[in-house]
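Colleague: could you work out the structure for the sequence below:
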Amino acid sequence: MLPELEIYYYIILIYLTKEDHYSVRKAGDVQKRPKTVILNLFMRVLLCALLLFVSNNKEKGSSVRYKRKGKIKDRRDIDLVFIGGSTHSGTSLIRAMLDSHQEIYCGYGTWLMRNILGGLKNWRKFNRKQFLVNAGVYPEALDDAIAQFMLEVILGHCPTSKLCCYKDKYIHKLFKNAKFIHMVRDPRAVVYSSLSQNDSNNAASYWMNFRKWDEDNIIILNKCEELGKKYCLLVKYEQLILKPVTQTKRIFKFLGIPWNDEVLHHERHINKSLILRSEEYVSEDLFKPLHLNGLKSWFGNLPKEIEENLGHNGIGQLMYFDYNPEEHTPIYGRPDEFMMKMINK
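Modeller: Okay, here's the model as predicted:
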């Protein structure tokens, strides 16, 4: 006979692979949305695989590579670092800088992990969630399945002697000892960088992206406030570029790892071919030494409507982070001695 918990896994497997519900109902008609059906089926099958993965590994115990700094009873208690923030906020740069340190391995973000975490969010809102609760699968088994799968992805390539770091979203509920570095950048630079890739310069696209930036940062700031300074660190892209010595020392103090100046020369350690294969978008600037170009690339390039009305359209986090919408060519600060030498080379 199967163990009781494993029976629950098979119950939920059968339930989640049932025929998808019709997703659009209009005036009594029922229509299928093929893309939605396929995506939902994929996520359901993936969840089943995760649940069965946990079931099959319950008896095996922890792998050696999960044991760091002594024995860890629960693999989810392992020390991890997550890097997050809006797209084009410097997350790839800080990932590369941390990966330059001999005691840290910082992996690349993947679409797979984002979909996994998006699925977890949706499953928690599942309109028949009580079925999962009654089956004994929600929330513990589901959280455990997601966490164990994430550990396989994150730790699969991370040497046992290093602190493992990952550039993607972070859920503290899954990893209680993990720390989170939240990158923030002037939204004007973020949105310009994003839209310039697509040759889009219309005001509507800008407003939509500004609001997305604002919403994302509100969510993360609330979570950081809840976690406290022990687990969440805010790093502003502009200050990291202008004062890399001070800012990287601050980051390494947060991580509890000795700082060294190799993190200031990420371009010496970066694997360009691997990154281009792994990351969805990478600026060529990532492969160059630290420079100041990214601070002012958007100057004079925003639509006039945006520059004139940004301060009056409810983008509340602008002022919270001290980005003044009335300054169209802001001065973010003075470069430190290290950056002055880089500029004068």
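Colleague: so what's the nearest residue to Pro335 once chain neighbours are set aside up against?
Modeller: Nearest residue to Pro335, sequence neighbours excluded (Cβ to Cβ, 6 or more residues apart in numbering): Leu242, at 5.1 Å. C-beta coordinates here come from the backbone N, C-alpha and C atoms, glycine included. Contacts for Leu242 (Cβ atoms under 8 Å, 6 or more residues apart in numbering) come out as Leu292, Leu295, Tyr332, Gly333, Arg334, Pro335, Asp336, Met339.
Colleague: can you tell me the SS state at His182?
Modeller: Classification of His182 by DSSP: H, G, I helix; E, B strand; the rest coil places it in strand.
Colleague: these two touch, right, it and Leu227?
Modeller: No - between His182 and Leu227 there is no contact under Cβ atoms under 8 Å: 10.3 Å.
Colleague: the more surrounded of these two?
Modeller: His182 (22 against 15; other Cβ atoms under 10 Å).
Colleague: report the separation between the more buried one and Asn217.
Modeller: To Asn217, His182 is 8 Å away according to Cβ to Cβ, to the nearest Å.
Colleague: what does the helix or strand containing Met339 contact?
Modeller: Here Met339 sits within helix 337-343, counting by DSSP states H and E. With contact meaning Cβ under 8 Å, 6+ apart, helix 337-343 is reached by Ile241, Leu242, Lys243, Pro244, Val245, Leu264, Pro289, Leu290, His291, Leu292, Pro335.
Colleague: mind checking which of the residues you listed are in helices?
Modeller: Among the contacts of helix 337-343, DSSP state H puts Ile241, Leu242, Pro244, Val245 in helices.
Colleague: wait, what's in contact with the first one?
Modeller: Yep, that's Ile241 we're talking about. So, once contact is read as Cβ under 8 Å, 6+ apart, Ile241 ends up touching Gly90, Leu290, His291, Leu292, Gly294, Leu295, Met339.
Colleague: was I right about the fourth one contacting Arg334?
Modeller: Spelled out, that is Leu292. No - if you go by Cβ under 8 Å, Leu292 and Arg334 don't touch, sitting 11.0 Å apart.
Colleague: which one's more surrounded, the two?
Modeller: Each of Leu292 and Arg334 has its neighbours counted (other Cβ under 10 Å); Leu292 has more, 15 against 9.
Colleague: okay, now Tyr138: neighbour count?
Modeller: Neighbour tally, Tyr138, other Cβ under 10 Å: 19.
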